[in-house]
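**Student:** Structure, please.
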Amino acid sequence: MQLGTRWPVGGDTPARLPAAVVDAVRTVEAEVAGFDTSAWRWTLTWLEGRPIVELDDGTVIRYDSVQDRAVITPPPTD
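**Tutor:** Reported below is the predicted structural model:
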């Protein structure tokens, strides 16, 4: 696993992210728009050359390179 970068909600995504992942990030950001996300960050890591993006609330986005799509896993609920 390789750490990529961190960036704030609403900020510019890293250039290396596939378009499907960028679209998924924007979808999640639209869903949390009513919350105070000013301190939230996205964390990008690379596993076997594929991006995994996690939001501070626990939302995870994984990239399926075979189907060129991003899969959003919502944060765990208590």
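**Student:** Show the backbone phi and psi for the residue nearest the centre of the chain.
**Tutor:** With distances taken as Cα atoms, centre = their mean, V53 lies nearest the centre of the chain, 3.5 Å away. Per-residue torsions, V53: phi -120, psi 130 (degrees, to the nearest 10).
**Student:** quick one, what contacts it?
**Tutor:** Counting by Cβ atoms under 8 Å, 6 or more residues apart in numbering, V53 touches 17, 21, 24-25, 42-44, 60-61. Placement of C-beta: from N, CA and C, glycine included.
**Student:** Leaving out sequence neighbours, find the closest residue to it.
**Tutor:** I61 (4.3 Å; Cβ to Cβ, 6 or more residues apart in numbering).
**Student:** Then that neighbour would be within a strand, right?
**Tutor:** Yes. The assignment for I61 by DSSP: H, G, I helix; E, B strand; the rest coil puts it in a strand.
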